[in-house]
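J.: here's a sequence, model it:
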Amino acid sequence: MFGYGKMASYAIASLSYLAANYEEEGFKANSATIAKARCLSKPLVGKLMSQMSTAGLVNGTPGPGGGFFLAKDPAEISLMDIVKLFEKVEDALTCPFGPGWCGNGDPCPIHYDLAEKNEEMIEWLTGTRLDVFAKHDVKPNRSDCPGMKK
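T.: Take a look at the predicted model:
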């Protein structure tokens with residue numbers, strides 16, 4: 001069944017911060033700011049932002065006062081746009097009985113249920129846009145961030 005992994009989850013978390021602050025004129029956030037706001041490591045956020053910049057989801061300006069910002073309106077970026085950068089969406093449905101079961105004769109007993117749930121997840125990711133995070137920034141409880149100081 002299709003889900004998405006940690007990297008895609010962390011990328012969504014990073015962009016949710018930018019989306020939450022999108023309407024603030026001139027808003028930019030560096031990797032450290034995003035990392036602190038989302039309880040992530042700064043190097044990880046830097047790597048994610050680099051990949052998302054290459055994909056055209058964010059832009060960045062270097063130097064003091066620089067940072068990252070969304071390249072498009074949050075309403076134009078779906079969660080699927082982010083997830084597909086980190087996951088093989090087209091190969092998402094795998095048989096729980098192991099490789100080679102489904103597609104070679106009768107499908108496994110839960111094949112059709114899994115296919116339906118997979119399609120629901122893809123539709124949800126495709127239909128959900130970053131604007132759901134606009135003006136809804138959640139401040140983390142610092143005690144929930146391992147290794148981060150209060």
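J.: how about the strands of the chain, start to end?
T.: Assigned by DSSP state E, the strands in the chain fall at 58-61, 67-70.
J.: only alpha carbons, please: show the first one as CSV.
T.: What follows is strand 58-61 as a C-alpha-only set of coordinates in CSV (Å, rounded to 0.1, in the frame of the first residue of the first chain):
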residue,chain,number,x,y,z
VAL,A,58,11.1,26.9,-3.6
ASN,A,59,13.5,29.7,-4.4
GLY,A,60,16.3,30.9,-2.2
THR,A,61,18.5,33.9,-1.7
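J.: which neighbouring elements make contact with that strand?
T.: Judged by 3 or more C-beta pairs under 8 Å, 6 or more residues apart in numbering; DSSP states H and E, strand 58-61 is in contact with helix 42-54, strand 67-70. (Each C-beta comes from the backbone N, C-alpha and C, glycine too.)
J.: alpha carbons only: can I get the last one in PDB?
T.: Included here for strand 67-70 are C-alpha records, laid out as PDB according to Å, rounded to 0.1, in the frame of the first residue of the first chain:
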ATOM      1  CA  GLY A  67      16.500  32.300   2.900                       C
ATOM      2  CA  PHE A  68      13.900  30.100   1.200                       C
ATOM      3  CA  PHE A  69      10.400  31.000   0.000                       C
ATOM      4  CA  LEU A  70       7.800  29.200  -2.000                       C
END
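J.: could you give the mean pLDDT of that strand?
T.: Across strand 67-70, the average pLDDT comes to 96.
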